[in-house]
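Student: this is the structure alone, sequence omitted:
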């Protein structure tokens, strides 16, 4: 379809689109166009290879300037998702991490339910050549996999954004199949979980649990993925901090 006039953002709240280490400005622009087609306008970029802003992105956006003008740039995935309470990561490959894996349609339904509850939600999309790495995936509590031809499942990142954003736009069921009890505190933000992970990692290093250098990276990633799946509340994260502090203190007193 041809170029249209400059688009406007909708008032409907939606998920944040996070493009991790995008390599081509054209793909950022086409992703922005796809987002605005589907009513989304909040874009975050993690270390875009060719810098930002990008003339190529603006040309490829075909009028979706409002998305590019509001786009924010971050150095790391952790910084980009720090204020979010739920993060969905797109992946086409089997990985070592144990994570909840859903289709784009189920993810759209889940996200609508979270957003209706006032939660901040984001979707991670990986770089064009490699996709998301395990170090990126551990920031997510849900993995999104698109069932395509197993002999040729590679999607252009802008195509992936369009597919997922379209499922979001066409979903309408806001009934959450499960929820926390009404008296529960809010879900922990990713920044709060990252602080907890760092505290736990320090304690495990001091205890000698992570003494095997070759095994340490995989052990740390799996522990982080486990805690992400726990869907901790803010109160539970603070309690876990207390547990780690008590056990560390007890160890030092022995």
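Tutor: Here it is on my side, so go on. Because the structure is predicted, anything quoted here is derived from the model rather than measured. Numbering: from 1, shown residues only.
Student: CA only for contacts and neighbour counts going forward, please
Tutor: OK.
Student: all the strands of the stretch 1-150 of the chain, residue numbers only.
Tutor: 16-20, 43-46, 72-74, 86-90, 100-102, 121-125, 142-144 (DSSP state E, counting those that start in this stretch).
Student: what about the residue lying closest to residue 166 once chain neighbours are set aside, distance to residue 116?
Tutor: Among residues not flanking residue 166 along the chain, residue 38 sits closest, at 5.8 Å (C-alpha to C-alpha, 6 or more residues apart in numbering). As judged by C-alpha to C-alpha, to the nearest Å, residue 38 and residue 116 stand 18 Å apart.
Student: same thing with residue 16?
Tutor: 15 Å.
Student: returning to what we had before: of residue 38 and residue 116, who's got more company?
Tutor: A direct count of neighbours by other C-alpha atoms under 10 Å for residue 38 and residue 116 places residue 38 higher, at 21 against 14.
Student: and the pLDDT at the more buried one?
Tutor: pLDDT recorded at residue 38 is 94.
Student: does it touch residue 163 like I think?
Tutor: No: taking C-alpha atoms under 8 Å as the definition, residue 38 is not a contact partner of residue 163, at 9.7 Å.
Student: who's in contact with the lengthiest helix in the chain?
Tutor: Assignment by DSSP state H gives helix 234-253 as the longest helix of the chain. Identification of contacts with helix 234-253 by C-alpha atoms under 8 Å, 6 or more residues apart in numbering yields 185-189, 192-193, 196, 199-200, 203, 207.
Student: ok, of the residues you listed, which come out buried?
Tutor: The neighbour count (16 or more other C-alpha atoms under 10 Å) marks 186-189, 192-193, 196, 200, 203 as buried among the contacts of helix 234-253.
Student: now, among those, which is nearest to residue 59?
Tutor: residue 189 (35.3 Å; C-alpha to C-alpha).
Student: excluding its backbone neighbours, what's nearest the closest one?
Tutor: In space, and not counting its chain neighbours, residue 189 is closest to residue 85: 4.5 Å by C-alpha to C-alpha, 6+ apart.
Student: what about residue 238, neighbour count?
Tutor: 15.
Student: do you know how far it is from residue 193?
Tutor: To residue 193, residue 238 is 10 Å away according to C-alpha to C-alpha.
Student: how is the chain carved up into domains?
Tutor: Here the domain assignment for the chain is 16-170, 190-253, based on automatic domain parsing.
Student: roughly how far is the longest one from the heart of the chain?
Tutor: Think domain 16-170. Its chain's C-alpha centre and that of domain 16-170 lie 8 Å apart, by C-alpha atoms, centre = their mean, to the nearest Å.
Student: same deal with stretch 243-250?
Tutor: From the chain centre to the centre of stretch 243-250 is a distance of 31 Å (C-alpha atoms, centre = their mean).
Student: list the buried residues in it.
Tutor: By neighbour count on 16+ other C-alpha under 10 Å, the buried set for stretch 243-250 is 244, 248.
Student: what do you get for stretch 152-171?
Tutor: Residues of stretch 152-171 classed as buried: 157-158, 160-169, 171 (neighbour count, 16+ other C-alpha under 10 Å).
Student: same deal with stretch 142-149?
Tutor: Under the neighbour-count criterion of 16+ other C-alpha under 10 Å, stretch 142-149 has 142-146 buried.
Student: can you redo those as CSV with pLDDT and distance to residue 78?
Tutor: CSV is the format used below for these (pLDDT from 0 to 100; distance: C-alpha to C-alpha, whole Å):
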residue, pLDDT, distance to residue 78
142, 92, 16
143, 92, 16
144, 93, 19
145, 88, 21
146, 84, 24
